[in-house]
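K.L.:
Okay, predicted coordinates and the sequence, questions at the end:
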Protein chains: 2
Amino acid sequence: MAAEGLLFLDFYTANPLCSPSYTPQDIVGGIQDSELLLPELLKKAGYINKIIGKWHLGHRPQFHPLKHGFDEWFGSPNCHFGPYDNREHPNIPVYRDWEMIGRYYEDFKIDLKTGEANLTQLYLQEALDFISKQQASQQPFFLYWAIDATHAPVYASKQFLGSSQRGLYGDAVREIDDSIGRILRHLQQLGISENTFVFFTSDNGAALISAPKQGGSNGPFLCGKQTTFEGGMREPAIAWWPGHIPAGGVSHQLGNVMDLFSTSLSLAGLQPPSDRQIDGIDLLPVILQGKLIDRPIFYYRGNEMMAVRAGLYKAHYWTWSNSWEEYGKGIDFCPGQNVSGVTTHTQEEHTHLPLLFHLGRDPGEKFPLSFASEEYQRAMEWIAGIVQQHKDTLVPGEPQLNVCDKAVMLSVWKVLLFPWNLLGQATLLSAATVFVL
Amino acid sequence: MAAEGLLFLDFYTANPLCSPSYTPQDIVGGIQDSELLLPELLKKAGYINKIIGKWHLGHRPQFHPLKHGFDEWFGSPNCHFGPYDNREHPNIPVYRDWEMIGRYYEDFKIDLKTGEANLTQLYLQEALDFISKQQASQQPFFLYWAIDATHAPVYASKQFLGSSQRGLYGDAVREIDDSIGRILRHLQQLGISENTFVFFTSDNGAALISAPKQGGSNGPFLCGKQTTFEGGMREPAIAWWPGHIPAGGVSHQLGNVMDLFSTSLSLAGLQPPSDRQIDGIDLLPVILQGKLIDRPIFYYRGNEMMAVRAGLYKAHYWTWSNSWEEYGKGIDFCPGQNVSGVTTHTQEEHTHLPLLFHLGRDPGEKFPLSFASEEYQRAMEWIAGIVQQHKDTLVPGEPQLNVCDKAVMLSVWKVLLFPWNLLGQATLLSAATVFVL
Ligand SMILES: [Ca+2]
Ligand SMILES: [Ca+2]
């Protein structure tokens, strides 16, 4: 996909969060009607919208994806945490549209001993069928393929079990890789690849608390999921659109998953809503014309702006990995990594003298710049202006992220305004555009 | 080069050593006449042999490369540590064949302030000229291109300064990358690419003590140069030979830089000497036919076998990063990394119960397997047999490596039997074969 499309090396998720750790059923909140989600807007332009996989914007009826712009759904309201005891906490349900058709572990098997489950294949087939159907009826479509594979508990289909050198986790990644390849080839075989924009990304870094057997690796990046270090928020990202996006490109544009909202609207010839603040930008000039747009990245955790990236610099205003209490129980978001004064187990404030890293020379955030250096002074002067502007333009009272508390899904969407599931490990967005428009 | 050749993902250097830290001139030893170096053997088969760059097998006259099989030399006996004071310790000399033609810093400028030096360009031009000359006279040749760029102090030519996002170190890497591309294109333009086998590798992992401004990164691997963790010894390696090696291949063959001795002889149609133990294997079946040869990798530091790799398992019999004394002075071979009980600052013995890692699931050596697991028992049974056999067949009294002591160069070559310079950061071996034979 990267060889045929544009690879983003500096693309970020909007936050590094997991879901509340134990009982997703306890979340009572969900997406509000006042929010305008991408499928709602696309629908007005004639698109058929489908979500395959995790929704995670509330499991009560009023939060159902078909109430929020999607026409079809196959998947579950949450990741398949569990298995649950089926008394106080039933297993996670699986829906086809409005109907609950079964539950993980019961009707949709996951063998925790062998790691075998054919869920990714089910989700793949569902995607291929949906695409075929829309192509046959010349119908523009938006497919949000939010598989949950590589989330713990990790699984793969029989044909992929043992196929990698990386254990079960690697097998799952290979299955996802293969599935995405099949979707792209399917689009080509149907003759609609030049009318279909596909974007691949993930919603957070690898969960190192589950590594190595149930979690991935963030390569050279520091820490993982749940943190605002690069390992928690920098994501693989590829844009694919044969005939429009030159093959084999690489972009250093600072991107954010929130940009997919504005970019998708732009592809569909729509304007973003004007009655609210939109945080993302339209990446089409980057993707189609190779432009670079100067913009910062803000790293939030809870309602705290932890860090800011501008150009190759990243300034940490707060540092935190996880609490001493968790750490004492063997929960470690940065296993094997320890950067003194950076991967702190208390929430350390640096707002008066932020820790500054140069991510070009030091992508692993291991060597803070000397406070006394001219380079520090110059960079922080620039960044301070950016932060001031950000704070000045923040809509007051706007709820922001909370660290894994029960309002997290609600508050995320207040900020994001579009429906990228934040909890999948690998997400393919396939939005057909300009097709028979 | 990788796209046109075969990429080795599991290739190792023979040891992770630096030179003695301060005064390479103090080394009085060097390569012994009794050793048979690759160019000596190739010479008998009609090859012209040239070394460009660092020799590092002794700087006294009897150790000169032209005494050990090379016909030509442009470079220095050591890395350009320094600058020196030119009283007790003069700057490192540069030779053209027998003649000393100048010294680093004095006649071969390195601007430590801007990082500008044109040395890589000088070495590149020397390589292109040598290749042209041999092609013109239809002469089979062996070129050992042992540039010293990316070794601290890091430098790049003016045209590459500021060209990367990685600072001066990245600029130097780009210049090497560009230079290798030019050499490959030159071979193609001269019409001898299908007769020329080219191998690229490095002699040790990035020196993290110099990172990030004067040193590289080892990506996901643990620690760096001087250690027997993967960051110290696993190296990029690519074999290139258009028309013979299929393009774009990837091999998981466990390889060792020592294999280049046997492989090169095999390419030249020669037999390895039968009067001594040869540690390397002929990789041609791997390179040309995609075979996988079952063989272990031994990780030595000093005369201690620190670790063994068999398949995807790596067992640590000893662990050590660097001493508390050095660490206290701010010297750190594993900056930002800390794996409890693994990156130890004392030399910890585990010979009775080795620490075991699965490098497929855990390339970063962060999660030792449980001693009680069945997987541990099974793997260690296998590895114990390999180690026993290794110890049984070691030639008694054979000098082995010493950690950065003054005999290191000598003892290294006693083991290796061939002249790959261990101190360069990036080494290109270009051995023309079967050309007009
Ligand atoms: Ca996730
Ligand atoms: Ca070296």
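P.N.:
Right, received. Where do you want to start? Ligands and ions are numbered 1, 2, ... in the order given.
K.L.:
Can you report how many residues neighbour the residue in the stretch 201-350 of chain A that chain B sits nearest to?
P.N.:
Nearest to chain B, among the residues of the stretch 201-350 of chain A, is residue A:336, at 3.5 Å (Cβ to the nearest Cβ). Every residue, glycine included, has its C-beta placed from N, CA and C. By other Cβ atoms under 10 Å in any protein chain shown, 21 other residues sit near residue A:336.
K.L.:
Surely it and residue B:364 touch.
P.N.:
Yes: using Cβ atoms under 8 Å, residue A:336 makes contact with residue B:364 at a distance of 6.2 Å.
K.L.:
what residues are shared contacts of these two?
P.N.:
residue B:222 (Cβ atoms under 8 Å, 6 or more residues apart in numbering or on different chains).
K.L.:
Would you mind listing where chain A has pLDDT under the threshold?
P.N.:
A:17-28, A:79-80, A:396-437 (pLDDT under 70).
K.L.:
Name the residues of it found near chain B, please.
P.N.:
A:164-167, A:169-170, A:211-213, A:217, A:219-220, A:222, A:252, A:312, A:335-339, A:358, A:360-367 (Cβ under 8 Å from any Cβ of the partner chain).
K.L.:
make it 7 Å
P.N.:
Neighbours of chain B within chain A, by Cβ under 7 Å from any Cβ of the partner chain: A:165-167, A:211-213, A:217, A:219-220, A:252, A:312, A:335-339, A:360-362, A:364, A:366-367.
K.L.:
Please indicate which of those residues are buried?
P.N.:
Among the residues of chain A next to chain B, those classed as buried by 16 or more other Cβ atoms under 10 Å in any protein chain shown are A:165-167, A:211-213, A:217, A:219-220, A:312, A:335-339, A:360-362, A:364, A:366-367.
K.L.:
for the stretch 151-300 of chain A, what spans make up the strands?
P.N.:
Along the stretch 151-300 of chain A, the stretches classed as strands by DSSP state E, counting those that start in this stretch are A:196-201, A:234-240, A:249-251, A:255-256, A:297-301.
K.L.:
didn't residue A:187 look like it was pressed against residue A:196?
P.N.:
Yes: contact criterion Cβ atoms under 7 Å: residue A:187 and residue A:196 qualify, at 5.1 Å.
K.L.:
between those two, who's got more neighbours?
P.N.:
Comparing residue A:187 with residue A:196 by other Cβ under 10 Å, the one with more neighbours is residue A:196, at 26 against 22.
K.L.:
ok, now how distant is the residue nearest to the spatial centre of chain A from residue A:188?
P.N.:
Centrality entry for chain A: nearest residue to the mean C-alpha point is residue A:203, 1.7 Å, by Cα atoms, centre = their mean. Residue A:203 sits 27 Å away from residue A:188, going by Cβ to Cβ, to the nearest Å.
K.L.:
Check residue A:278 too.
P.N.:
Using Cβ to Cβ, residue A:278 is found at 33 Å from residue A:188.
K.L.:
just residue A:337 next, same as before
P.N.:
Per Cβ to Cβ, residue A:337 is found 41 Å from residue A:188.
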